[in-house]
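> A structural model of the following input is requested.
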Amino acid sequence: ITGETTHTPVLPCRYPLISCDGKAVLTVEGAKLGSPEMGPIQQCLVEHNATQCGFCAPGFVMSATALVAARQHAHRPINELDIEQAFDGNICRCTGYRPIVEALKDLIHRDLPDLQVPLPTEAVASRLAEPLEIEGAKWRWVRPTSLDALHAEMAKRPAGERALVGGAVNSITAFKLARDGMTLIETTRVPELRGITTDAQSGINAGAAASIEEFREACVKMSRDHPVEGRRMAACARALHRYLSKQRRCVSTIGGELATKTEFWSMLEGFGATARISIGGAEGPDAMREVPLGQVANVLQEHRTGSVVITRVLLPVNTPREFCDCYRLSRRYQQYKALLQACFTVTLAADNTIAAASLVFGKGDGWRARNIAAVQTAAQMVGKPFAEDTVMGLAAQLKEELATVFSSADPLGDYCILAGSSLLLRFFRSTVSGDASLGQLASVALEDDHRGLAHTEQSFEHIEEGIVGKPMTNIHAKSHFKGTSEFAMDVPEPAHSLFGAILFSKRAHAKINKIDLTRAFECDGVVDWVDARDITGCNSHCGIVMDTPVFAADNEVHCVGQPIGMLLADSFEQAQRAIRKVNVEYEALPAITSIRQAMAANEYLSGLENHLVELGNPDAAFQEDGLVTIEGEFYTGGQEHWYLETHNCLVVPRDDHFHVYSSTQNPSKVQADVAGGLHVPRSHATLPGSHPRGGVWGTRG
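Numbers count the residues shown, from 1 in each chain. Down below sits the predicted model:
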């Protein structure tokens, strides 16, 4: 606990509200920061027309505000890379990132006044040094302010009745898994678990309650101040830039990542980091143990019935002849779990032969990762020259060693085996091309494989006169960036409203023999159940042809996720709780799960016979001279895209009319579907609303 002010962007859905105690919270509604209408960041985004549906706009405002405020506080300039990294965790579905990023690039070149971000008062900030204990309806929340108090609190409850809560990852896990009556112990205000120090002799010493982003920044600082000793830290910084979003890194703690063995643990363990573990009740040297990260789980298991806390993690420096790097292979460059993570370290003798080597591969689904050390391949590297021939000569050995741990049943097993040797070759080439003293060893140079800054461009005809064709600002831009735009979820429900929870099919094709609602109606607040029998009008809807049932009809479901019916209750929580109590008895029927099966069964989408899309004359084109024909098959997992705004709808009956507040960008279709289902004129279904909804073209209905 340093006492310094920090400005941190966080994801509210991953940051417990109770953890805001003692801090100042700024939301988009307050981002004007003393300006009459909008702050400079909001105004700049409006000027660049950096919005469309507006559902993501508040998030961009707050990420930019946190960046500018933090840099102004530290008296550090902002560059374009900072902007891209600040927006790592912000998703925009319809606007595209070009105008958003360009707005912030323009902003940093302006004479920007100091943002007067409100800070917590002394009375509020002083609460951070005070212990906190709250008895809730389900859980007990405790925030100790010393390591002794933490051990004492843990000793009060058996292991199964308490959980340590650090940052985003294990906080959410604790909430999901916590049983009624459990004690959740927040560790972020324990001084012994806070702070990060860097040193050219000992490396990085980081508290377990420090955030992943604080650790990444320490790695960046260490690698800049001590380029040779900090090679390992530079590798960690590059890898962590791709790990999670900045908003999640800011609230995810080191201890939480180590305890749950995420990819962060995998990387540090691969680079030889150690952890200090405090054991409650022990005395002398036994009270604090320092162990390799690979042994942390054993120590925690050994003392599972007592009080044991990870206090710090230590990442050592490099020797001058020690080279290392970390690589992540994932389906997406950033914010996606690694299919394979590799940590390579080689120590070279004076004659550039390999004196020691470590090849560690991390495999997992992001959580509960496990490391695989290629011990035999690393041993065979020792004594050989650090040359491409050596790496290529050991490729077969490395593949064989990896094949013993990657299951042949794993669809990505073969890929990871091949990728392992390829990454080792990349490591060699990047090492010799990045160090002048090793340049004579390189047979092939490799350019930096890290992605550069994004380049954006928009081309349009400039209209000098008139109105038609001129670009214009979104008429809702101001309300979007001020956070005052009203989406469907913002509309207050009238008194005595009922809330629905939909029962979805769990079978691809089946007959429904029975729906047992007994246990559901035993839950508090449940009012009614509706299904296809209650629809007085048309039980179909879709965008092109009316071939999609609102609810499954004739006691038959045709896909996983098809709506069967809906429970109505007095609250959303009651409806969600009750729907999980519904029991459905299915009788499996043959299911078609591929295009080939559908063609063989002559099962085509109904109603599309007159919707033939035809362009050109393919028969004539194939008769042209010099035509090269390529034949083959291509499969794609293409599907409907992901929409930002949660699908929701509020219907308010008024006499014989229905006012519908829907998260849609196709109000005409919703009007037609509602009127058709209720068997009323379309004029009796109205959709009030001032602007289109979130996720362009996605929320059609």
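> all contacts plus neighbour counts: C-alpha atoms, from now on.
Fine.
> hmm, what's the outermost residue in the protein?
In terms of distance from the mean C-alpha position of the chain, Asp625 ranks first, at 51.8 Å (Cα atoms, centre = their mean).
> Could you check the pLDDT of that one?
Listed pLDDT for Asp625 reads 84.
> Three-state assignment for it, please.
Of the three states, Asp625 takes coil under DSSP: H, G, I helix; E, B strand; the rest coil.
> Likewise for Phe323?
Look at Phe323: counting by three-state DSSP, its state is strand.
> hey, what's it bridged with?
The bridge-partner assignment for Phe323, based on DSSP bridges, gives Val346.
> My understanding was that it contacts Thr431; is that so?
Yes: using Cα atoms under 8 Å, Phe323 makes contact with Thr431 at a distance of 7.3 Å.
> Output the below-cut-off pLDDT ranges for this protein.
Along the chain, segments meeting pLDDT under 70 span 1-3, 166-178, 364-369, 407-409, 433-453, 606-611, 638-643, 689-701.
> hmm, try it at 50
1, 168-169, 366-367, 439-449, 696-701 (pLDDT under 50).
> which helix in it runs the most residues?
helix 413-434 (DSSP state H).
> Against which helices or strands is that helix packed?
Counting contacts by 3 or more Cα pairs under 8 Å, 6 or more residues apart in numbering; DSSP states H and E, helix 413-434 is packed against strand 322-329, strand 340-348, helix 388-393, helix 395-403.
> Report the distance from stretch 21-38 to the chain centre.
Counting by Cα atoms, centre = their mean, to the nearest Å, stretch 21-38 is centred 25 Å from the centre of its parent chain.
> And the contacts of that stretch?
Residues outside stretch 21-38 that contact it (Cα atoms under 8 Å, 6 or more residues apart in numbering): 39-40, 42, 58-59, 61-62, 65, 115-120, 124-128, 481-484.
> just stretch 405-416 next, same as before
The contact list for stretch 405-416 (Cα under 8 Å, 6+ apart) reads Leu339, Leu340, Ile372, Ala403, Ile417.
> do the same with stretch 39-55
Here stretch 39-55 makes contact (Cα under 8 Å, 6+ apart) with 31-33, 57, 61, 64-65, 94-95, 99-100, 102-104, 106-107, 112, 472-474, 477-478, 480-482, 485, 644-645, 691-696.
> Could you identify the buried members of the contacts of stretch 21-38?
When those are checked for burial by 16 or more other Cα atoms under 10 Å, the buried set is 39-40, 42, 58-59, 61-62, 65, 115, 117, 125, 128, 481-483.
> Make a ChimeraX selection of the buried ones in the contacts of stretch 405-416.
Command for ChimeraX that selects the buried part of the contacts of stretch 405-416, burial taken from 16+ other Cα under 10 Å:
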select :339,340,372,403,417
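> Would you convert the contacts of stretch 405-416 into TSV that also reports distance to Cys236?
As requested, those are exported to TSV (distance: Cα to Cα, whole Å):
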residue	distance to Cys236
Leu339	17
Leu340	15
Ile372	18
Ala403	27
Ile417	23
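> what's the most distant pair in the contacts of stretch 405-416?
Leu339 and Ala403 (15.3 Å; Cα to Cα).
> Am I right that Thr311 sits in a strand?
Yes: the assignment for Thr311 is a strand, going by three-state DSSP.
> Provide a list of residues in contact with it.
By Cα under 8 Å, 6+ apart, the residues touching Thr311 are Glu192, Leu193, Gly207, Ala208, Ala209, Gly255, Ala275, Arg276, Ile277, Ser278.
> Quick one: neighbours of His109, just the number.
The tally of other residues near His109 (other Cα atoms under 10 Å) stands at 10.
> Just say helix, strand or coil for it.
Per three-state DSSP, His109 ends up coil.
> quick revisit: kindly supply the PyMOL command isolating those of the contacts of stretch 39-55 that are buried.
Those of these that count as buried under 16+ other Cα under 10 Å are selected in PyMOL with:
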select buried, resi 31+32+33+57+61+64+65+94+95+99+100+102+103+104+107+474+477+478+480+481+482+485+644+645+691+692+693+694+695+696
